[in-house]
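A.B. asks: Sequence first, then the predicted structure:
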Amino acid sequence: MRIPLSPPPLAELLEDASKKKRLTTLIQRAPELAGSLRYRHWDKLRRLTPPANLSHRDWWLILKLGRMTDYRLCPLRSTKGEPFRYTLSDPTSEYLRDIDSRASGTIAVADPITNPDLKDRYLINSLVAEAITSSQLEGAATTREVAKEMIHTGRSPRDVGERMILNNFLAMQKIGKLRKEPLSPEIVFDLHRMVTEGTLEDPGDAGQLRQSDRVIDIRDFRNTVFHVPPPAKELEQRLVAMCDFANGNTPKGFMHPVIRSIILHFWLAYDHSFVDGNGRTARALFYWSMLHQGYWLCEFISISEIVRKAPARYGRAFLYTETDDNDLTYFVLYHLDLIRRAIDLVRDYVDRKTNELRLLEGRMRAVAALNHRQQTIISHALRHPHQTYTIESHRLSHNVVYETARTDLLELAKKGFFSASKRGREWQFTPASDLEAKLQSPG
């Protein structure tokens with residue numbers, strides 16, 4: 001990925017237009033061009049064909065002046081002390097309305113999300129998906145299947161990649177419990193400590209701000225510097241300001257809660273407050289903010305699942321903001337699209353899994369006598385006939401207490417659907433070799 005070309009300075013464009021006595025003419029054309037183009041960065045715009053009788057510089061000047069009339073400031077400041085800003089340019093309002101209607105309130109959703117008996121199953125799967133993909137974005141090389149097996153069986157991580165994924169999973173669970181708590185530096189430190197435990201070169205860096213003797217910048221493999229974060233001496237003060245912003249204490253006036261969550265994500269990533277783990281912590285704070293502000297469905301979505309498919313777009317959204325007068329609109333629009341697509345995915349997932357369960361129930365008469373957790377493990381066992389299950393893995397997969405998980409599995413063994421044996425003090429359960437036939441039998 002390359003650094004996008006910065007736009008020509010506004011003062012220079014205004015001076016050129018004034019010298020050529022074109023400024024008034026250009027301003028008069030603004031209504032004609034308003035809304036005619038997506039929120040393009042100069043680096044993209046300069047490659048497009050401009051409207052009739054306009055140069056690329058004229059075109060940019062008109063668009064830039066229009067954006068400036070709608071700028072809204074936020075408390076985040078650049079390393080040069082300049083404010084970040086954003087606009088509510090189209091289609092921002094449309095995206096916000098869509099997210100409001102689908103991710104908060106009491107809007108009707110698929111039964112597995114609202115049914116208390118099934119909710120935890122879908123929640124755990126969503127947390128696993130986010131934990132895996134968020135870690136993969138930061139370099140974890142573990143495959144999805146291996147990572148799922150580790151989390152569902154409760155085994156210990158075998159390498160740093162698996163440790164990153166398990167850390168993320170535990171942090172996402174923690175966020176669900178913190179949703180009603182105001183954000184504080186201590187919570188940020190705790191979350192960073194959770195996502196980085198056992199993965200840092202110096203374990204002492206976990207939950208600690210960067211120190212002044214650690215010079216940090218973000219580079220690619222060609223040694224190109226993409227971002228130089230604020231100096232370490234400013235981080236403590238900036239963290240306090242970030243928490244004030246997250247808690248709605250700043251700025252004065254209304255800011256849409258989804259935009260607040262997105263800017264919070266950007267803020268920690270921009271400050272790069274820690275030696276490592278900033279991306280994972282920033283995404284964790286986004287989830288906390290959305291849940292804190294009532295967007296309950298976001299507990300079930302995975303934005304990293306979308307980011308992983310086109311990681312360069314994620315990076316460009318940051319770079320567009322930094323190279324165009326700290327205009328956060330680029331990152332806001334990108335992130336709003338992420339959220340909407342993630343909501344689509346979770347709804348598709350729920351519909352698919354609901355249909356699978358219905359087909360299973362219709363095909364296998366014996367399943368009707370089992371509870372939803374037992375039905376789920378049988379469905380999994382049919383697809384993974386050599387899988388070994390434990391009471392702990394079943395407990396973790398469904399977020400239930402140990403005794404409930406134990407009862408579920410022992411009952412399945414009693415019915416002959418699983419074989420039960422002990423390895424040391426741990427019960428292990430394997431699917432019966434004729435599981436499908438047993439399920440289809442009348443008794």
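C.D. replies: The structure has been received and is ready for your questions. Numbers count the residues shown, from 1 in each chain.
A.B. asks: Measure how buried Phe189 is and give me the count.
C.D. replies: Phe189 is flanked by 18 other residues according to other C-beta atoms under 10 Å. The way it works is simple: take the backbone N, C-alpha and C, and place the C-beta from them, glycine included.
A.B. asks: Which residues are in contact with it?
C.D. replies: Neighbour list for Phe189: 207-208 [criterion: C-beta atoms under 8 Å, 6 or more residues apart in numbering].
A.B. asks: Tell me the buried residues in the helix or strand where it lies?
C.D. replies: Taking DSSP states H and E as the criterion, Phe189 maps to helix 185-196. The neighbour-count check on helix 185-196 (16 or more other C-beta atoms under 10 Å) flags 187-189, 191-196 as buried.
A.B. asks: I'd like the mean pLDDT over it, please.
C.D. replies: Helix 185-196 shows a mean pLDDT of 98 in the predicted model.
A.B. asks: And it, how far out from the chain middle?
C.D. replies: Mean-position distance between helix 185-196 and its chain equals 17 Å (C-alpha atoms, centre = their mean, to the nearest Å).
A.B. asks: repeat for stretch 372-379
C.D. replies: With C-alpha atoms, centre = their mean, you get 29 Å for stretch 372-379.
A.B. asks: With just CA atoms, put that stretch into CSV.
C.D. replies: Provided in CSV are the C-alpha atoms of stretch 372-379 (Å, rounded to 0.1, in the frame of the first residue of the first chain):
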residue,chain,number,x,y,z
HIS,A,372,-31.1,-27.0,22.1
ARG,A,373,-27.5,-27.5,23.4
GLN,A,374,-27.7,-31.2,22.9
GLN,A,375,-29.1,-30.7,19.4
THR,A,376,-26.2,-28.4,18.6
ILE,A,377,-23.5,-30.8,19.7
ILE,A,378,-25.2,-33.7,17.8
SER,A,379,-25.4,-31.5,14.7
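A.B. asks: Please name every helix or strand in contact with the helix ranked longest in the chain.
C.D. replies: Scanning the chain for the helix with the most residues, using DSSP state H, yields helix 329-363. With contacts defined as 3 or more C-beta pairs under 8 Å, 6 or more residues apart in numbering; DSSP states H and E, the packing partners of helix 329-363 are helix 92-103, helix 111-114, helix 116-137, helix 257-271, helix 303-307, helix 311-323, helix 372-383.
A.B. asks: Send me stretch 187-207 as CSV with only the CA atoms.
C.D. replies: Taking C-alpha atoms only, stretch 187-207 is exported to CSV below (Å, rounded to 0.1, in the frame of the first residue of the first chain):
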residue,chain,number,x,y,z
ILE,A,187,-10.3,-0.1,31.7
VAL,A,188,-8.2,0.7,28.6
PHE,A,189,-5.1,-0.7,30.3
ASP,A,190,-7.0,-3.8,31.4
LEU,A,191,-8.2,-4.5,27.9
HIS,A,192,-4.8,-3.9,26.4
ARG,A,193,-3.3,-6.3,29.0
MET,A,194,-5.9,-8.9,28.1
VAL,A,195,-5.3,-8.8,24.3
THR,A,196,-1.5,-8.8,24.6
GLU,A,197,-0.9,-11.3,27.5
GLY,A,198,1.9,-13.7,26.5
THR,A,199,2.4,-12.1,23.0
LEU,A,200,4.8,-9.2,23.7
GLU,A,201,8.6,-9.2,23.4
ASP,A,202,8.7,-7.5,26.8
PRO,A,203,5.8,-8.7,29.0
GLY,A,204,6.2,-5.5,31.1
ASP,A,205,4.7,-3.5,28.1
ALA,A,206,1.2,-5.1,28.7
GLY,A,207,-1.2,-2.5,30.0
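A.B. asks: beta partners for Cys227?
C.D. replies: Slight slip there: residue 227 is His, not Cys. Going by DSSP bridges, His227 is paired in beta bridges with Ile218.
A.B. asks: Tell me, how many residues neighbour the closest residue to Glu356 other than its chain neighbours?
C.D. replies: Spatially, and ignoring its direct neighbours in sequence, Glu356 is nearest to Ser379 (7.0 Å; C-beta to C-beta, 6 or more residues apart in numbering). For Ser379, the neighbour count with other C-beta under 10 Å is 18.
A.B. asks: Repeat that for Ala103.
C.D. replies: 24.
A.B. asks: looking at this protein, which helix or strand is least sure?
C.D. replies: Least confident helix or strand of the chain, by mean pLDDT, DSSP states H and E, is helix 111-114 with a mean of 55.
A.B. asks: Save the helices and strands packed on helix 329-363 as a markdown table, and put in distance to Ala30 too.
C.D. replies: Output for those, formatted as a markdown table (distance: least, C-beta to C-beta, whole Å):
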| stretch | distance to Ala30 |
| --- | --- |
| helix 92-103 | 19 |
| helix 111-114 | 45 |
| helix 116-137 | 39 |
| helix 257-271 | 25 |
| helix 303-307 | 34 |
| helix 311-323 | 22 |
| helix 372-383 | 58 |
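A.B. asks: between those, which has the poorest average model confidence?
C.D. replies: Looking at the helices and strands packed on helix 329-363, the weakest mean confidence is helix 111-114, a mean of 55.
A.B. asks: quick one: low-confidence parts of this protein?
C.D. replies: Across the chain, residues meeting the criterion (pLDDT under 70) sit at 35-36, 105-122, 213-215, 219-222, 357-358, 360-368, 440-443.
A.B. asks: Contact partners for the nearest residue to Arg85 once chain neighbours are set aside?
C.D. replies: Nearest residue to Arg85 in three dimensions, chain neighbours excluded: Tyr71, at 4.4 Å (C-beta to C-beta, 6+ apart). If a contact means C-beta under 8 Å, 6+ apart, then Tyr71 has 85-87, 327 as its contacts.
A.B. asks: Quickly name whichever of those residues is closest to Ala129.
C.D. replies: Closest approach between those and Ala129, by C-beta to C-beta: Tyr86, at 28.9 Å.
A.B. asks: That closest one is in contact with Leu76, isn't it?
C.D. replies: No. Counting by C-beta atoms under 8 Å, Tyr86 stays clear of Leu76, with 10.2 Å between them.
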